[in-house]
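Novice: sequence and predicted structure, then a few things I'm wondering about:
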Amino acid sequence: MKLEKIYEIVWDEPFEWREGLKHCRNLHVLYQLYGYHPLYGPDVLLYIGSSHRDIKRRLKTHEKEWIHEEWSKISFRLGSIREFKTWKAQEIKKGWIKYKKAVEAIEGLLIYANQPAYNDRNKSDAARAQGIRIFNTGKLGSILPEISYKYFLGD
């Protein structure tokens with residue numbers, strides 16, 4: 001039996017768009033976008049994304065592409081990833097991961113499990129997350145607190 005590799009994603013505050021861009025840090029590699037959806041209502045998870053290089057630049061790309069056209073306010077949460085050892089070990093604030101392959105696999109599994117309204121392209125990327133389990137902690141918003149490849153996609 002293959003052991004799962006477990007990651008913790010620590011999510012930061014929900015930020016209003018302009019103010020939140022000031023809070024982007026090097027350790028942030030994931031983000032959740034929230035806003036109004038015509039079918040699902042206000043403050044809905046619209047999109048999950050990642051950037052292993054510059055999260056602020058990635059968010060500004062979204063702003064140019066489609067956020068400026070949204071008629072309601074868009075807010076976001078920022079996420080940092082680290083490998084999970086034990087809950088006690090997680091009290092130490094270090095070990096943040098920015099490896100492209102790990103970030104992409106985790107992003108794909110998050111999208112697949114949570115089905116954000118605007119993500120359509122990356123839903124098949126969850127296949128890269130074989131053997132991964134995720135604990136979402138902090139201010140996680142409306143995403144699932146625990147996600148695993150095994151549960152959502154089988155062995």
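Specialist: It's in.
Novice: quick one: the helices in this structure, in order.
Specialist: 17-21, 55-65, 100-114, 149-153 (DSSP state H).
Novice: report how many residues lie close to the nearest residue to H23 once chain neighbours are set aside.
Specialist: The shortest distance from H23 to any non-neighbouring residue, by C-beta to C-beta, 6 or more residues apart in numbering, is to F15 (5.9 Å). Where C-beta positions appear, they are placed from N, C-alpha and C, glycine not excepted. Residues lying near F15 (other C-beta atoms under 10 Å) number 19.
Novice: can you tell which of the helices of the chain is closest to G131?
Specialist: The minimum distance between G131 and the helices of the chain falls on helix 149-153, with 6.3 Å, by C-beta to C-beta.
Novice: so what does the closest one touch, helix or strand wise?
Specialist: Under the contact definition 3 or more C-beta pairs under 8 Å, 6 or more residues apart in numbering; DSSP states H and E, helix 149-153 sits against helix 100-114, strand 132-138.
Novice: where's the last one relative to the chain centroid, distance-wise?
Specialist: Here strand 132-138 is found 10 Å from its chain centre; the criterion is C-alpha atoms, centre = their mean, to the nearest Å.
Novice: elements contacting it?
Specialist: Using 3+ C-beta pairs under 8 Å, 6+ apart: strand 132-138 touches strand 5-11, helix 100-114, strand 146-148, helix 149-153.
Novice: dump the ones you listed to TSV, plus mean neighbour count, mean pLDDT and distance to R53.
Specialist: Listed next are these as TSV, based on neighbours: other C-beta atoms under 10 Å; pLDDT from 0 to 100; distance: least, C-beta to C-beta, whole Å:
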stretch	mean neighbour count	mean pLDDT	distance to R53
strand 5-11	20	95	18
helix 100-114	20	94	9
strand 146-148	17	97	24
helix 149-153	15	93	25
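Novice: counting by contacts, list what the helix or strand of the chain with the lowest mean pLDDT packs against.
Specialist: Ranked by mean pLDDT, DSSP states H and E, the helix or strand of the chain with the weakest confidence is strand 96-97, at a mean of 83. In terms of contacts (3+ C-beta pairs under 8 Å, 6+ apart), strand 96-97 is packed against strand 75-83.
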